[in-house]
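# I need the structure of the sequence given here:
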Amino acid sequence: MKKQPKDSFEQGLDLILENEKDFSKIFNEDGLFKKLTKRIVERALNTEMDAHLGYEKYNRNTDENNYRNGTSSKTILTENGEIDLVIPRDRHSDFEPMLIPKHQRRFEGLDEKILMMYARGASLSDIKAQLKELYQVDISPTLISQITDNVMDEVVDWQNRPLEKVYPIVYFDCIVVKVRQDKKIINKAVYIALGINISELKDVLGLWISENEGDKFWLNNFTDLKNRGVSDILITCSDNLKGFGDAIRTVFPETSHQLCIVHQIRNSLKFVSHKHVKELASDLKKIYQSINEEEAQLALDRFCETWDSQYPYISKSWKDNWDNLVFFLQFPPEIRRIIYTTNAIESLNGQLRKFTKNKRIFPNDNAIFKSFYLAIKNIEKKWTMQPKNWSSALAHFYIMFEGRVVFE
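As a prediction, the model looks like this:
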C-alpha cells in the first residue's frame with residue numbers, strides 16, 4: 001500500500017520531536033507545550049489585530065488613522081499554568097480581542113475545571129491545592145469564590161426557566177444537609193422535584209430549601225411551578241410530606257397523589273421488633289401486591305387481625321392514607337413501579353450525595369444551590385434512557401386521563 005504523504009501539521013510535529021530526546025519535558029511547567037500555547041495565542045491575537053485594522057503588519061496605508069501602537073503584557077491562567085502574553089495595541093485603544101477579552105485573566109477551560117471540582121464537593125482550599133498540583137496555577141480562594149459565585153446567575157435563571165405545560169409524573173423527595181446560619185449549624189431539607197415529560201425525558205423542575213415543611217411551603221412551591229408554565233400534573237409521587245396533599249389539591253386540583261410505597265414500608269417497620277420484621281413485611285407485601293383495591297382491603301383486614309394487638313399504629317397509618325396508597329392499583333402490574341415508588345428521584349439523590357459528600361457543612365443557602373445545581377447539570381448529561389415500560393405507562397395515562405395528555 002502506498003504511503004500517504006504527511007500534511008504540514010505532521011511535518012511540523014516531526015521537526016519538533018526530532019530534537020527532543022526526553023518527551024516528558026514537553027509537558028513540564030516551562031516545557032515546549034506551554035511555549036507553543038504562548039506562540040499560538042500571540043499569533044492569533046495579532047491576526048485579530050490585522051482584521052481589526054484592515055491590513056497586515058507592516059502593510060499600513062499612510063492614510064490610515066488607526067495603526068499598531070506597541071504592545072502590553074498580560075499574564076493569564078491556563079490549564080498549563082501561567083502564561084505571559086504580549087498583547088498588541090492600537091492607537092485608538094479600541095481593539096477588543098475575542099480570544100482573550102479585556103480584563104479576562106483566565107483562559108477558557110479553567111473556570112469549568114474549578115466549577116467541576118466545586119460541584120464534587122471540594123472546598124475552596126482543596127481547589128486551590130489541586131490547581132497548584134495539577135496545573136502549577138496559583139489562584140487565591142477569593143478568586144475561586146468569585147468564579148463559583150458567578151454561577152448564582154445561572155442558578156436563578158434555571159430556577160425560573162419556563163417549564164412544559166403537562167407532566168405525567170412528578171416525583172418529590174429531599175436530602176437533608178447541614179448549613180451554617182446565625183452562627184449555628186442546623187439541618188435543612190433540600191426538596192427536589194423530578195418530572196417526566198410527554199417526550200419521555202427526565203427533568204429536574206426545581207430545588208427548594210426549608211427548615212420546616214408545611215402547607216404554606218408547598219403552596220408556594222406548587223404556585224412557582226404553575227407560574228413557570230405548568231398547567232397540569234397527572235400524578236405526583238412522594239413520601240407523606242406534611243402539607244403536601246392539601247397544597248397540591250389547591251394548585252392542581254385534578255392531580256392524583258400517590259404516596260411512595262417504599263417509604264410507607266420503611267416507616268411501618270421502623271419500630272418493629274427484629275424478630276417480627278420478616279413476617280410483618282411479608283404481610284404488608286400482600287397488601288401492595290394485590291390484584292386490585294378490593295383484594296388489598298382484604299389483605300389489610302387480615303394484617304389488622306394479626307398485628308394490631310402489638311403494632312396498632314401501622315394499620316392506622318395505612319388506613320389514614322389508604323386512597324393515596326392504593327391509587328397505583330388501577331394500573332397493570334408492569335407499570336405500577338413507575339407510579340408507586342420514588343426510585344427515579346432516589347437514584348438522582350444518590351448521585352447528588354456522591355457529588356456533595358465532601359461538603360459536611362454548607363456556609364449558606366446559596367452554597368447549597370450552587371453545589372446542587374452544578375451536580376445536577378453533570379448528572380443530566382448521562383440521562384439517555386427513558387424509564388422502563390414508560391411507553392406502556394403513557395398509553396394508559398392517555399386513556400385514563402382523557403383529554404389531559406396531548407402529544408404535540
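# which parts of the stretch 1-150 of the chain are helices?
8-18, 32-53, 110-119, 124-135, 141-149 (DSSP state H, counting those that start in this stretch).
# same for the second one, what does it pack against?
With contacts defined as 3 or more CB pairs under 8 Å, 6 or more residues apart in numbering; DSSP states H and E, the packing partners of helix 32-53 are strand 68-78, strand 81-90. Every C-beta, even on glycine, is put in place using the N, C-alpha and C of the backbone.
# what are the ranges of the strands in the chain?
Per DSSP state E, the chain carries strands over the ranges 68-78, 81-90, 166-181, 184-196, 202-210, 232-238, 256-259.
# possible to save the ones you listed as TSV with mean pLDDT, distance to residue 323 and mean neighbour count?
Compiled in TSV, these are given as follows (pLDDT from 0 to 100; distance: least, CB to CB, whole Å; neighbours: other CB atoms under 10 Å):
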stretch	mean pLDDT	distance to residue 323	mean neighbour count
strand 68-78	80	60	14
strand 81-90	80	64	16
strand 166-181	93	18	20
strand 184-196	94	22	18
strand 202-210	94	25	19
strand 232-238	96	13	23
strand 256-259	96	9	22
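# among those, which is nearest residue 160?
Set against residue 160 and scored by CB to CB, the strands of the chain come closest in strand 202-210, at 9.2 Å.
# direction included, what does the closest one pair against?
strand 184-196 (antiparallel) (DSSP bridges).
# related to what we said a few turns ago, for the helices of the stretch 1-150 of the chain, which has the smallest mean pLDDT value?
Lowest mean pLDDT within those: helix 8-18, at a mean of 57.
# burial check on the nearest residue to residue 160 once chain neighbours are set aside, number of neighbours?
Residue nearest to residue 160 in three dimensions, not counting chain neighbours: residue 228, with 6.8 Å by CB to CB, 6 or more residues apart in numbering. Residues near residue 228, counting by other CB atoms under 10 Å, number 15.
# isn't residue 310 right up against residue 279?
No - between residue 310 and residue 279 there is no contact under CB atoms under 8 Å: 11.4 Å.
# against residue 252, how distant is residue 404?
Remark: distance between residue 404 and residue 252 (CB to CB, to the nearest Å) = 11 Å.
# looking at these two, which is more packed in?
Ranked by neighbour count (other CB under 10 Å), residue 404 and residue 252 place residue 252 first, with 20 against 15.
# phi, psi of the more buried one?
Torsion angles at residue 252 (phi, psi; degrees, to the nearest 10) stand at phi -130, psi 80.
# what residues go with each domain of this structure?
12-107, 150-260+342-408, 263-341 (automatic domain parsing).
# and residue 124, which of these is closest to it?
domain 150-260+342-408 (9.9 Å).
# if we can go back for a sec, ok, which of the strands of the chain comes nearest residue 304?
strand 256-259 (19.0 Å).
# who does that closest one pair up with?
When DSSP bridges is applied, strand 256-259 pairs with strand 232-238 (parallel).
# so how far is the strand it pairs with from its chain's centroid?
21 Å (CA atoms, centre = their mean, to the nearest Å).
# what about residue 64, distance to residue 56?
12 Å.
# I meant residue 360, not that one.
Applying CB to CB to residue 360 and residue 56 gives a distance of 58 Å.
# residue 129 too?
For residue 129 relative to residue 56 (CB to CB), the value is 45 Å.
# equivalent analysis for residue 124, please.
Residue 124 sits 45 Å away from residue 56, going by CB to CB.
# okay, the two: which has more neighbours?
Each of residue 124 and residue 56 has its neighbours counted (other CB under 10 Å); residue 124 has more, 19 against 12.
# can you put the strands of the chain in JSON lines and add distance to residue 119?
What follows is the strands of the chain, written out as JSON lines (distance: least, CB to CB, whole Å):
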{"stretch": "strand 68-78", "distance to residue 119": "20"}
{"stretch": "strand 81-90", "distance to residue 119": "23"}
{"stretch": "strand 166-181", "distance to residue 119": "15"}
{"stretch": "strand 184-196", "distance to residue 119": "15"}
{"stretch": "strand 202-210", "distance to residue 119": "14"}
{"stretch": "strand 232-238", "distance to residue 119": "26"}
{"stretch": "strand 256-259", "distance to residue 119": "32"}
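# which residues touch residue 276?
Taking CB atoms under 8 Å, 6 or more residues apart in numbering, we find residue 276 in contact with 310, 311.
# for it, give its distance to residue 268.
Distance of residue 276 to residue 268, computed by CB to CB: 11 Å.
# report the beta-bridge partners for the closest residue to residue 224 other than its chain neighbours.
Nearest residue to residue 224 in three dimensions, chain neighbours excluded: residue 206, at 6.7 Å (CB to CB, 6+ apart). With DSSP bridges applied, residue 206 shows beta-bridge pairing to residue 193.
# who's in contact with residue 206?
Shown in contact with residue 206 (CB under 8 Å, 6+ apart): 159, 192, 193, 221, 224, 225.
# count the neighbours of residue 364 for me.
11.
# do you know the pLDDT at it?
At residue 364, the model reports a pLDDT of 89.
# cool, thanks, talk later.
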